[in-house]
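Coordinates for the following, if possible.
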Amino acid sequence: MALWVLLSTTLLSSLLSLVLFSAVAAVISGRRRAVWFFHPYTNDGGGGERVLWCAVRSLQEENPDLDCAVFTVDDASPQSLAARAIDRSGVKLLRPPQVVRLYRRKWIEENTHPHFTAIGQSLGSVYLSWEALCKFTPQFYFDTSGYAFTYSLASIFGCKIICYTHYLTISSDMVSRVLQHSSMYNNDSLIASSILLSRCKVVY
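Okay, the predicted model is just below:
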């Protein structure tokens, strides 16, 4: 009986792997030479957006034949993004970028993951990236928002990965606060008051 269960599990795993590989291969076959920026939030108008638009502008100048586009969860058009690049960041693009709208926004929202927020948002970003890469698979995958968990998936899809990370997902300061039992917005007072829970959080 145990042998039958083992063989069935192995067969099922092999079939699922084959289906996944076939799906990815089909998507990769449609890939063209392009740089697509994974930047879910384009309406914030902060320093991260300026980095995005400076990168797009530089690529347009250096490689005018290279397609540039943005994966975003915001309701945006090529024209609105080009206008926003000028108005909020002072960057004039040579031409509006292409836009791919993503709809699985809630998986990277803090409210969706009230507990274990960091890992929840990180895994949610992989799900969002799956949506993006299934819609279009570029040759170059440029992450300008710091979603490092998506790199492995982009690599499976055959993309060359470029990234700009302004804020680390986990920093040494965050770990120090947990070790010092400091209660803050990212370290609940219940955890801060418990030696055991603080140690568990450091491991997490």
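
quick check, Val70 in a helix?
No - using DSSP: H, G, I helix; E, B strand; the rest coil, the assignment for Val70 is strand, not a helix.

hang on, it packs against Pro96?
No - using C-beta atoms under 8 Å, Val70 makes no contact with Pro96, being 10.1 Å away. All C-beta atoms are positioned from the backbone trio N, CA, C, and that covers glycine.

quick one: which helix or strand includes the spatially most central residue of the chain?
Closest to where the C-alpha atoms of the chain average out (C-alpha atoms, centre = their mean) is Tyr147, at 3.8 Å. Per DSSP states H and E, Tyr147 falls between elements, in no helix or strand.

hey, where'd the strands end up in this structure?
Applying DSSP state E to the chain gives strands spanning 32-38, 67-72, 98-101, 138-143, 160-163.

quick one: the longest one to strand 67-72, angle?
Using axes from the mean of the first three to the mean of the last three C-alpha atoms, to 10 degrees, the inter-axis angle of strand 32-38 relative to strand 67-72 is 30 degrees.

rewinding a little: which residues are common contacts for Val70 and Pro96?
Leu81 (C-beta atoms under 8 Å, 6 or more residues apart in numbering).

So for the two, which sits in the more crowded spot?
Val70 (24 against 17; other C-beta atoms under 10 Å).

any idea how far that one lies from Thr144?
Val70 sits at a distance of 9 Å from Thr144 (criterion: C-beta to C-beta, to the nearest Å).

what is in contact with these two at once?
Counting by C-beta under 8 Å, 6+ apart, the residues touching both Val70 and Thr144 are 37, 39, 52.

Hmm, the second one is touching Thr72, no?
What that stands for is His39. Yes - assessed by C-beta under 8 Å, His39 is found in contact with Thr72 at 6.2 Å.

More neighbours: these two, which one.
Taking other C-beta under 10 Å, His39 and Thr72 do not tie; His39 has more neighbours (26 against 23).

So for the more buried one, what's the pLDDT?
If you check His39, the pLDDT there is 93.

Contacts only, for it.
48-49, 52, 70-72, 143-145.

can you check Thr42 too?
Contacts of Thr42 (C-beta under 8 Å, 6+ apart): 49, 52, 70, 72, 74, 76, 81, 84.

What of Leu197?
Going by C-beta under 8 Å, 6+ apart, the list of residues near Leu197 reads 190-191.

Report pLDDT for it.
For Leu197, the model assigns a pLDDT of 87.

Compare the mean pLDDT across the strands of the chain and name the weakest.
Across the strands of the chain, strand 32-38 gives the lowest mean pLDDT, at a mean of 86.

which parts of that strand are buried?
Burial within strand 32-38, assessed by neighbour count using 16 or more other C-beta atoms under 10 Å, is assigned to 34-38.

Same list (those residues) but as a markdown table, adding distance to Glu131.
Output for the buried residues of strand 32-38, formatted as a markdown table (distance: C-beta to C-beta, whole Å):
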| residue | distance to Glu131 |
| --- | --- |
| Ala34 | 17 |
| Val35 | 19 |
| Trp36 | 13 |
| Phe37 | 15 |
| Phe38 | 11 |
